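[1] I'll drop the sequence and a predicted model, then ask my questions.
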Amino acid sequence: MIALACPDCPTARAARALVLHDGVWSHVWLVAAPYALIALIVVVIVRGIQRHER
Amino acid sequence: MSAKRAPLVAAGLVLGVGFGGFVDGIALHQLLQWHNMLSSVVPPIDLVTMKYNMIWDGAFHVLTWVACLTGVVLLFRAGRVPGALWSGRLLGGAMLAGWGLFDLVEGLVDHQLLGLHHVHPGAHELAWDLGFVTITGVGFLLLGAAIMRGSPASHADRHVA
């Protein structure tokens, strides 16, 4: 368990298993949450500018 | 007649979000190694949990890359919109505002609301988090907005300026 950058060593397999068995989709949503909110804010800002320019 | 600012502002904001995200990932996750994406959920205390956090850092970078790609597409489309303003000042201001928007939202959602990680965990953790949100979040957002406001209102103004 000493190699860090390894495609198929016991450490890598253990890390991938931890990811898959530790609520992978809920974590995907957590990581994506700020981007979803930011996308919404950007749309609101740009629509506001477009309304102002009409 | 005033030129359309929205296409370039949209491109700049999204590019700024992407580049701001990469600054966070490269500087704070990799160079300084202050935190990882889920380091407050699964602290990187051994090789397995370190690799676990590196995988989620990768997921964060995937979304950041998508933001940059979206920004490039929006910039390309802005260049083809008839009557759209093409101003470096407007683009730069929007990019800085986008960076600030990323830090503000990421700081509030990931650090405070979800507690996924903190800017500089340990002593004075909250102070680091609040500094991140106010200085590079609100600060860059307001500075970017001020730069955008100073950009020309039309193509004619741009040539005069």
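    Received, thanks.
[2] can we go C-alpha only for contacts and neighbour counts from here?
    Fine.
[3] Can you point out the buried residues in stretch B:127-143?
    For stretch B:127-143, the neighbour count (16 or more other CA atoms under 10 Å in any protein chain shown) marks B:128-134, B:136-143 as buried.
[4] now it, how far from the chain's geometric center?
    12 Å (CA atoms, centre = their mean, to the nearest Å).
[5] ok, back up a step: among the buried residues of stretch B:127-143, which are located in helices?
    B:W128, B:D129, B:L130, B:G131, B:F140, B:L141, B:L142, B:L143 (DSSP state H).
[6] Turn those residues into JSON lines, including distance to chain A and pLDDT.
    Formatted as JSON lines, these follow (distance: CA to the nearest CA, whole Å; pLDDT from 0 to 100):
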{"residue": "B:W128", "distance to chain A": "19", "pLDDT": "98"}
{"residue": "B:D129", "distance to chain A": "16", "pLDDT": "98"}
{"residue": "B:L130", "distance to chain A": "17", "pLDDT": "97"}
{"residue": "B:G131", "distance to chain A": "18", "pLDDT": "98"}
{"residue": "B:F140", "distance to chain A": "15", "pLDDT": "98"}
{"residue": "B:L141", "distance to chain A": "12", "pLDDT": "98"}
{"residue": "B:L142", "distance to chain A": "14", "pLDDT": "98"}
{"residue": "B:L143", "distance to chain A": "16", "pLDDT": "98"}
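[7] mind putting the residues you listed in CSV, distance to B:D46 included?
    Converted to CSV, those look like this (distance: CA to CA, whole Å):
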residue, distance to B:D46
B:W128, 25
B:D129, 25
B:L130, 29
B:G131, 29
B:F140, 36
B:L141, 38
B:L142, 41
B:L143, 41
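[8] which one of those residues is nearest B:G58?
    Proximity of these to B:G58 (CA to CA) peaks at B:D129, which lies at 22.2 Å.
[9] Name the nearest residue to that closest one, sequence neighbours excluded.
    Closest residue to B:D129 apart from its sequence neighbours, by CA to CA, 6 or more residues apart in numbering or on different chains: B:V119 at 5.6 Å.
[10] Check for me that that neighbour belongs to a strand.
    No. Looking at B:V119 with DSSP: H, G, I helix; E, B strand; the rest coil, it is coil, so not inside a strand.
[11] I'd say it and B:E125 touch.
    Yes. B:V119 lies in contact with B:E125 (CA atoms under 8 Å); the separation is 7.3 Å.
[12] between the two, which one's more packed in?
    Ranked by neighbour count (other CA atoms under 10 Å in any protein chain shown), B:V119 and B:E125 place B:V119 first, with 22 against 13.
[13] Who are the contact partners of the more buried one?
    B:L28, B:W34, B:H35, B:H111, B:E125, B:W128, B:D129, B:F132 (CA atoms under 8 Å, 6 or more residues apart in numbering or on different chains).
[14] Between those, which sits nearest chain A?
    B:H111 (10.7 Å; CA to the nearest CA).
[15] From B:F132, how far out is the closest one?
    Note on B:H111: its distance to B:F132, by CA to CA, to the nearest Å, is 10 Å.
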